[in-house]
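Q: I would like to see how this sequence folds:
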Amino acid sequence: MPRRGRRAWHRRQRGQSLTEVAVMGAVLVPLFLLVPILAKYIHLQHKGEQMARASAWQATVHKDYGVPERARMERLLMARHFAPANEPVRSTVPAAPSPRSPVPGVFLNTFSNQPLLRRADVQLGRYANRGAPGFMDDVLDMAESFPGEFPPNDKGLVETRVNINPQNLRTIDGRPAVYLAPFDTINLRMESHQMLLADAWNAAGAGKGESPHPRSVLAQVRTLVPSSYLDGVLPDWKIPDVIPVVGVLDNLDIGHIEPDVVPKPRLEPYAPRR
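A: Numbers count the residues shown, from 1 in each chain. Coordinates of the predicted model:
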């Protein structure tokens, strides 16, 4: 090949290499930028699932079988699931920050140091409790027509939804990152749904008096034991201490309920320490 032809051939080869590098860069650079972002999306989805579970369990121990106030629960979830790792755990609910403020954490920033998540992007959606479908709940619905407070909880099914809406990808000056389409205008929406059946028949103490707490043991037992409404109505019965066949009937008080009294056979002495 003549010398002039070899030079032209080398120039064409160098031009082809530059074209290949430019094409590979146009494909690989956005890919390298998006791989960490996809990992952060998965992280946010896991956070939403954790928050949904936590809010459902929180409702099972709320007073009077209700659900906590939504705005308060949102602040509590943000403090417990998006706080910095070195932040101390507090039982009090923090004050409401600005909705436009970014969620702290380097992991929740993008490659251009733009916030991936703002506080307004995390919302507690549907948050309620209701009766569970099924035969037993239909039976308990009929029991509600009886006088008294039984059953204690007819809304044992807690339903909660957490919505996380990450920000679209932007450049360092805040403009849409069009070279990462469609993530510059994707408007991603993540929803985590949790349903928890926790028919909490826990009592609020033993209960006493004429009008005990509706969730107390005394209020619940009164519905199941109709003779309890005769407590204090009938006079004291004077009966022998021992009745044939029946046995000992001492201090018989019809309708009297003592929830905290433990039967004697259940009271076993502790073994002495050696």
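Q: all helices in the stretch 1-150 of the chain, in order from the N-terminus.
A: For the stretch 1-150 of the chain, helices defined by DSSP state H, counting those that start in this stretch occupy the ranges 3-60, 70-81, 135-143.
Q: quick one: which of these has the weakest pLDDT on average?
A: Sorting the helices of the stretch 1-150 of the chain by mean pLDDT places helix 135-143 lowest, at a mean of 64.
Q: Measure how buried F111 is and give me the count.
A: Residue crowding around F111 was assessed by other CB atoms under 10 Å; the count is 15. (C-beta placed from N, C-alpha, C; glycine too.)
Q: Excluding sequence neighbours, find me the nearest residue to it.
A: Taking CB to CB, 6 or more residues apart in numbering as the measure, F111 lies nearest to L33, with 5.2 Å between them; neighbours along the chain are not counted.
Q: For the one you found, give its distance to A39.
A: Per CB to CB, to the nearest Å, L33 is found 12 Å from A39.
Q: if you count what's nearby, which of these two comes out ahead?
A: For L33 against A39, the residue with the higher neighbour count under other CB under 10 Å is L33, and the figures read 17 against 11.
Q: Quick check, that one in contact with L180.
A: Yes. Using CB atoms under 8 Å, L33 is in contact with L180, at 6.5 Å.
Q: how far away is A79 from V103?
A: Between A79 and V103 the distance is 11 Å, computed by CB to CB.
Q: With neighbour numbers in mind, choose between those two.
A: With neighbours defined as other CB under 10 Å, A79 and V103 compare such that V103 has more, 20 against 16.
Q: Not counting sequence-adjacent ones, nearest residue to that one?
A: If you skip the residues right next to it in sequence, V103 has L117 as its closest partner in space, 4.5 Å away by CB to CB, 6+ apart.
Q: How many residues are close by P94?
A: Neighbouring residues of P94 were enumerated by other CB under 10 Å; the total is 11.
Q: related to what we said a few turns ago, what is the burial count for the residue nearest to V103?
A: For L117, the tally of surrounding residues (other CB under 10 Å) stands at 22.
Q: N129 too?
A: Neighbour tally, N129, other CB under 10 Å: 23.
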